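>>> Quick one, structure for this:
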Amino acid sequence: MNRTKENGLLAFSLVGLIVFGCSLGKQANSPNSNNPSPAPQAEKTEPAKPIAPAAGDLKAGEASGSYTAKGQVVQLKYAYAGHAQRFGHDSLVILLTDQPIPPDALAEEIKDQTLLLAEKIKGLEYAVDQDGYWVRYHPSQTQESKNGQLKDFVVTGDAVKGSDEDTGEAFQGRYARSVKFFATISK
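Numbering: from 1, shown residues only. Below you'll find the model as predicted:
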């Protein structure tokens, strides 16, 4: 036999083996095969992010979440509400604080923010009316107004619930907030 025929026969044999091997592989994975299918690959998932409790999970007088002011993060735990004058008309004032407000100081705090302005406690001050809401960060005194209402905002009898979230884009991230609250409206 000459070399050309030997090389051709060898190439033909190799091609035949490859085709035969591929067909066996297909049969091994066919539904009628007795060979088990390989286990599906598990999908890679991101770890779950913690979720702050819904306002419905809070008790009266509680707040959850935090705000950032000039790089400082403040955790909020307490929620208070009452009616007071803001910008020339009656508003529902909501105070979310890091420390409790003494009961004998609450009426004055809702009216004039004595402790918040003196920087004895930290928190957010909201004034809500029919046009929207205004929020001020204490102690920095940075403030902003928003049209519309707070998220999940509900006033029922002498209680108010809601939430607010702002990534701080208007302030290049220096002021941001993510809070939920449930407050009893003081008389």
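
>>> Every contact and neighbour count from this point should use C-alpha atoms.
Noted.

>>> just the helices in this protein please.
For the chain, the helices defined by DSSP state H occupy 3-28, 106-112, 114-117.

>>> For the last one, C-alpha coordinates in CSV please.
Provided in CSV are the C-alpha atoms of helix 114-117 (Å, rounded to 0.1, in the frame of the first residue of the first chain):
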residue,chain,number,x,y,z
THR,A,114,-35.8,73.6,71.4
LEU,A,115,-33.8,70.4,72.0
LEU,A,116,-33.2,69.8,68.3
LEU,A,117,-32.0,73.3,67.6
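
>>> Show me the contact partners of that helix.
Residues from elsewhere that reach helix 114-117 (C-alpha atoms under 8 Å, 6 or more residues apart in numbering): 108, 109, 121, 122, 123, 138, 139.

>>> Just want to check the distance between the fourth one and residue 136.
Going back to what we said before, that points to residue 122. Per C-alpha to C-alpha, to the nearest Å, residue 122 is found 11 Å from residue 136.

>>> between those two, which one's more packed in?
The residue with more neighbours, out of residue 122 and residue 136, is residue 122; 22 against 17, by other C-alpha atoms under 10 Å.

>>> What values do phi and psi take at the more buried one?
phi -110, psi 150 (degrees, to the nearest 10).

>>> ok, it - contacts?
Counted by C-alpha under 8 Å, 6+ apart, residue 122 has contacts 74, 97, 98, 99, 116, 138, 139.

>>> If you rank those residues by neighbours, which is first?
Neighbour-wise, the contacts of residue 122 (other C-alpha under 10 Å) top out at residue 97, 25 neighbours.

>>> Show me what the closest residue to that one other than its chain neighbours bridges to in the sheet.
Nearest residue to residue 97 in three dimensions, chain neighbours excluded: residue 123, at 4.1 Å (C-alpha to C-alpha, 6 or more residues apart in numbering). Beta-bridge pairing for residue 123 (DSSP bridges): residue 97, residue 138.

>>> State the number of residues packed around residue 123.
Neighbour count for residue 123, taken as other C-alpha under 10 Å: 25.

>>> Tell me, how many residues neighbour residue 104?
Neighbours of residue 104 using other C-alpha under 10 Å come to 8.

>>> Going forward, the N-terminal residue is numbered 39.
Understood, numbering begins at 39; the last thing we discussed is residue 142.

>>> if I look at it, how far off is residue 216?
Plainly put, residue 142 is 29 Å away from residue 216 if you go by C-alpha to C-alpha.
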